[in-house]
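1. Structure for this input, please:
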Amino acid sequence: MMCGGPSATRPATAEMQDIADQVKSQLEEKENQKFPVFQAVSYKSQVVAGTNFFIKVDVGDEKCVHLRVFRSLPNENKPLTLHAYQTNKAKHDELTYF
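-> Purely as a prediction, here's the structure:
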């Protein structure tokens, strides 16, 4: 991994599912739809002035969304933020920086 670059893709953990769950409502509001299925599949992380998490989430019907979630430094005491997302992704689509 290069300094400041994203990590290798790893299988989703309980922590990544929790992070995805915390920003689910932000995505639903932006997309104006509900996601009955919302299962984290894999992720990458990137250390910046905080941490970016790139999370592939299965939303059912063979579709995925890619989320970029920002977690600020602990001393800033800010909530997780959905910074960007990509819809209409397939399970085989690579999780890349966006």
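
2. what about the helices in the protein?
-> Under the criterion DSSP state H, the chain contains helices at 14-31.

3. how about the strands in it?
-> Using DSSP state E, the strands of the chain run over 10-11, 39-48, 50-60, 63-71, 81-89.

4. Figure out which of the ones you listed is closest to S25.
-> Nearest of the strands of the chain to S25, taken as Cβ to Cβ: strand 81-89 at 9.2 Å. Any C-beta I mention is one placed from the backbone N, CA and C, and that applies to glycine too.

5. Dump the closest one to PDB, restricted to CA.
-> Taking C-alpha atoms only, strand 81-89 is exported to PDB below (Å, rounded to 0.1, in the frame of the first residue of the first chain):
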ATOM      1  CA  THR A  81     -20.500  11.100   6.500                       C
ATOM      2  CA  LEU A  82     -21.400   9.600   3.200                       C
ATOM      3  CA  HIS A  83     -19.100  11.600   1.000                       C
ATOM      4  CA  ALA A  84     -19.800   9.800  -2.300                       C
ATOM      5  CA  TYR A  85     -21.500   6.800  -3.800                       C
ATOM      6  CA  GLN A  86     -21.900   4.800  -7.000                       C
ATOM      7  CA  THR A  87     -25.000   3.000  -7.900                       C
ATOM      8  CA  ASN A  88     -25.800   0.200 -10.500                       C
ATOM      9  CA  LYS A  89     -22.700  -1.800  -9.600                       C
END
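
6. and it, what does it pack onto?
-> If contacts are counted by 3 or more Cβ pairs under 8 Å, 6 or more residues apart in numbering; DSSP states H and E, strand 81-89 sits against helix 14-31, strand 63-71.

7. okay, these, which one's buried deepest?
-> By mean neighbour count, with neighbours taken as mean count of other Cβ atoms under 10 Å, strand 63-71 ranks first of the helices and strands packed on strand 81-89 at a mean of 21.

8. Which of the strands of the chain sits closest to Q17?
-> Q17 lies closest to strand 39-48 among the strands of the chain, at 4.5 Å (Cβ to Cβ).
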